[in-house]
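Engineer: Pasting the sequence and the predicted coordinates here, then a few questions.
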Amino acid sequence: MSKTHHLTSPFSEEVIRSLNAGDIVYFDGPLFGIRDLTQIHIFDKGNPPPVDLTGMPCIHTAPSLRRVGDKWEKICVGTTTSTRMDRFTPGLIGQYGVRAIIGKGGLYQGSLDAMQKYGAVYLAIVGGAASLETEQIEEVEAVYFEELHPEALYRFRVKNFGPLTVAMDSHGRHLYEEVGAKIKEKLPEIYKKLGVI
Amino acid sequence: MKELDYSIVEEAAKQLYIKALCELPPDVRIALKNAYAKETNPAARSVFDAIFKAIDIADTKKTLLCQDTGLPIYKVKIGSKYNWNGAAIKKCLSEGARRATQEFPFRSSSTHTITRINPQTSVGPGLPVIYYDFADDVDTLDILMVPKGSGSENMSKMQMFYPQHGIKAVKKFILDTVIESGANPCPPGIIGVGLGGTADLVMKLAKDAIVRPVGQRNPDPMLAEMEIELEEAINATGRGPMGLGGDISCLAVHIEAAYTHITQNPVAVNTQCWPARRARAIITPSGNVTYGY
């Protein structure tokens, strides 16, 4: 039976380990925005994040922001496909203590193993619904590695951010893989009905 | 008749890009509502709830529905009963796309393919993508604007089958392509299919298919039947909205077909995500612009 959780970031290991695949999550608090270039900068070019990410959620994004004086204002913040950034995830979790990756499309086995080992989850957001996400972001609190914008490291503050589905949990469950396995089972019958075998 | 002021076409090209990014077409909204009515999986229903909230916010705040502003595509149909200046139209579409990006402003998703430098204009060599077609018996310029996001475009696939493989291989290829694309193209969307033609034409046909309003079938009964069969097969997979499981995995399958070579049997799949964005303008020689979808 799926549960709905209302959480506050940063997250403790205990809270994250209480989440199960299929649960729905909403949360308040800080959220970090990352993307391909941010993580290439951190991991491939050896620039550690200039801010503590312990217990934090990170979202795969490339925001449209506007600079007004010394503040950044949101224009549109949405989520991009996660699979491209899979190889950085064990590092984010193991080395920097990140407890939740938010994205769409899911991640692979290496990331799932790190989630199980260190206590982290993958939360699936509804892709394409950027207007809703933008509404739930209260403020852009800081931008680190600014020269990489729109692929810098962003600190947002969010309110009631969700719905997010726990798609990969810290107990080794992977919802996308489970859906995939069911498709594999049904496929011979679907092929037969379509008349292709 | 007085010469048309082409700044009207440029302004329309700009407005179309913005309108497409902010307002989802009515046929797509209806298709999403119908899909929601059929969906029984609770997690999938919560995905639809978020979708409807996002559409509402984009409507009321006049803001972008999805952050992926896509690659700009303009499909132009030039009426034969007026002396439209094709070169002027081309310039207007490019300027309109650039101005929309910089004046709204929104993120340019267009970049140099090797250096990856993005001049934040949405335009450049080859962009916007423009297709020209012609219409008899009208004097209007019909412009359809499609911002194509990458989550779905990256899942595009084509295959040159041989005649001996028949329609069986083609249907299997379409289903397998949709299954392999998983959650990446933000399902449930429109599965565009091209059949026949040359290697480039078959992919263009698949792109034509994704802009057909949902609810319209191919007028050829054989192709219409194939659309229904494939829709049923895709929804039977249980992939569900955003790939998390559910009854609805696509809103529609649209097929467009052309004649092909006697030795060829080409097929292409071009998927459109659930925010199946498009906007249309019809411009008269006197400069009246009517917006639609």
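Structural biologist: Nice, thanks for sending it over. All of these numbers come straight from a predicted model, not from anything done at the bench. Numbering: from 1, shown residues only, chains lettered A, B, ... in the order given.

Engineer: For the rest of this, base every contact and every neighbour count on C-alpha atoms.
Structural biologist: Fine.

Engineer: The worst-scoring helix or strand of chain A on mean pLDDT vs chain B: in contact?
Structural biologist: None of the helices or strands of chain A scores lower by mean pLDDT, DSSP states H and E than strand A:64-68, at a mean of 88. Yes: using CA under 8 Å from any CA of the partner chain, strand A:64-68 reaches chain B at A:Ser64.

Engineer: Which other helices and strands does the very next helix or strand once past that strand contact?
Structural biologist: Scanning forward in sequence from strand A:64-68 by DSSP states H and E, the next helix or strand is strand A:71-76. For strand A:71-76, the elements it packs on are strand A:64-68, helix A:130-136, strand A:137-144, judged by 3 or more CA pairs under 8 Å, 6 or more residues apart in numbering or on different chains; DSSP states H and E.

Engineer: what is the rounded mean pLDDT of strand A:71-76?
Structural biologist: Confidence for strand A:71-76, expressed as mean pLDDT, is 93.

Engineer: Adjacent strands (with direction) for it?
Structural biologist: In the sheet, strand A:71-76 lines up against strand A:64-68 (antiparallel) (DSSP bridges).

Engineer: End to end on stretch A:130-149, go ahead and measure it.
Structural biologist: 18 Å (CA to CA, to the nearest Å).

Engineer: anything in it near chain B?
Structural biologist: Yes: against chain B, stretch A:130-149 shows contacts by CA under 8 Å from any CA at A:Ala130, A:Ser131, A:Leu132, A:Glu135.

Engineer: and A:Gly172, which of the three is it?
Structural biologist: At A:Gly172, secondary structure determined by DSSP: H, G, I helix; E, B strand; the rest coil is coil.

Engineer: distance of B:Ala276 from B:Leu24?
Structural biologist: Computed as CA to CA, the B:Ala276 to B:Leu24 distance reads 7 Å.

Engineer: Which one of those two is surrounded by more residues?
Structural biologist: Per other CA atoms under 10 Å in any protein chain shown, whichever of B:Ala276 and B:Leu24 has more neighbours is B:Ala276, with 26 against 21.

Engineer: so that one sits right up against B:Cys22, yeah?
Structural biologist: No: using CA atoms under 8 Å, B:Ala276 is not in contact with B:Cys22, being 11.2 Å away.

Engineer: Now do the shared contacts for the two.
Structural biologist: Taking CA atoms under 8 Å, 6 or more residues apart in numbering or on different chains as the contact rule, B:Ala276 and B:Cys22 touch no residue in common.

Engineer: how about the biggest helix by length in chain A: buried residues?
Structural biologist: When chain A is parsed with DSSP state H, its longest helix is helix A:175-194. Neighbour counts using 16 or more other CA atoms under 10 Å in any protein chain shown place A:Leu175, A:Tyr176, A:Glu177, A:Val179, A:Gly180, A:Ile183, A:Leu187, A:Ile190, A:Tyr191, A:Leu194 of helix A:175-194 among the buried residues.

Engineer: can you list contacts of stretch A:110-121?
Structural biologist: For stretch A:110-121, the external contacting residues (CA under 8 Å, 6+ apart) are A:13, A:16-17, A:86-87, A:89-90, A:93-94, A:98-101, A:166-172, A:174.

Engineer: what pLDDT, on average, does stretch B:29-46 get?
Structural biologist: Stretch B:29-46 carries an average pLDDT of 96.

Engineer: Is chain A within reach of that stretch?
Structural biologist: Yes: contact between stretch B:29-46 and chain A, assessed by CA under 8 Å from any CA, occurs at B:Ala43, B:Ser46.

Engineer: Give me the contacts around that stretch.
Structural biologist: A:22, A:163, A:165, B:48, B:214-215, B:240-241, B:244-248, B:251.

Engineer: Would you format these as JSON lines with distance to B:Lys38 included?
Structural biologist: Formatted as JSON lines, those follow (distance: CA to CA, whole Å):
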{"residue": "A:Gly22", "distance to B:Lys38": "20"}
{"residue": "A:Pro163", "distance to B:Lys38": "21"}
{"residue": "A:Thr165", "distance to B:Lys38": "21"}
{"residue": "B:Phe48", "distance to B:Lys38": "11"}
{"residue": "B:Val214", "distance to B:Lys38": "16"}
{"residue": "B:Gly215", "distance to B:Lys38": "16"}
{"residue": "B:Gly240", "distance to B:Lys38": "12"}
{"residue": "B:Pro241", "distance to B:Lys38": "12"}
{"residue": "B:Leu244", "distance to B:Lys38": "16"}
{"residue": "B:Gly245", "distance to B:Lys38": "14"}
{"residue": "B:Gly246", "distance to B:Lys38": "10"}
{"residue": "B:Asp247", "distance to B:Lys38": "7"}
{"residue": "B:Ile248", "distance to B:Lys38": "8"}
{"residue": "B:Leu251", "distance to B:Lys38": "11"}
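
Engineer: So which of those belong to strands?
Structural biologist: Counting by DSSP state E, the part of these found in strands is A:Pro163, A:Thr165, B:Leu251.

Engineer: still on that earlier bit, for chain B, tell me which of the buried residues of helix A:175-194 show up nearby.
Structural biologist: A:Leu175, A:Tyr176, A:Val179, A:Gly180, A:Ile183, A:Leu187, A:Ile190, A:Tyr191, A:Leu194.

Engineer: ranges for the strands of the stretch 151-293 of chain B?
Structural biologist: If DSSP state E, counting those that start in this stretch is used as the criterion, the strands of the stretch 151-293 of chain B fall at B:157-161, B:189-197, B:250-260, B:265-272, B:279-283, B:289-292.

Engineer: Report the secondary structure element holding the nearest residue to B:Gly215 once chain neighbours are set aside.
Structural biologist: Excluding the flanking residues, the one nearest B:Gly215 by CA to CA, 6 or more residues apart in numbering or on different chains is B:Asp27, at 7.2 Å. Take DSSP H and E as the rule and B:Asp27 turns out to sit in helix B:26-38.

Engineer: then that helix to CSV, C-alphas only?
Structural biologist: Written as CSV, here are the backbone C-alpha positions of helix B:26-38 (Å, rounded to 0.1, in the frame of the first residue of the first chain):
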residue,chain,number,x,y,z
PRO,B,26,-7.6,22.0,-26.9
ASP,B,27,-7.5,18.5,-28.6
VAL,B,28,-4.5,17.5,-26.4
ARG,B,29,-6.4,18.7,-23.3
ILE,B,30,-9.4,16.6,-24.2
ALA,B,31,-7.2,13.6,-24.9
LEU,B,32,-5.6,14.0,-21.5
LYS,B,33,-9.0,14.2,-19.8
ASN,B,34,-10.3,11.2,-21.6
ALA,B,35,-7.1,9.3,-20.6
TYR,B,36,-7.5,10.3,-17.0
ALA,B,37,-11.1,9.0,-17.0
LYS,B,38,-9.8,5.6,-18.2
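
Engineer: and the gap between B:Tyr36 and A:Ala129?
Structural biologist: 16 Å.

Engineer: These two: who's more crowded?
Structural biologist: Higher neighbour count among B:Tyr36 and A:Ala129: A:Ala129, with 28 against 21, using other CA under 10 Å.

Engineer: Next, the more buried one: phi, psi?
Structural biologist: Dihedral pair for A:Ala129: phi -100, psi 50, per degrees, to the nearest 10.

Engineer: Many thanks, we can stop here.
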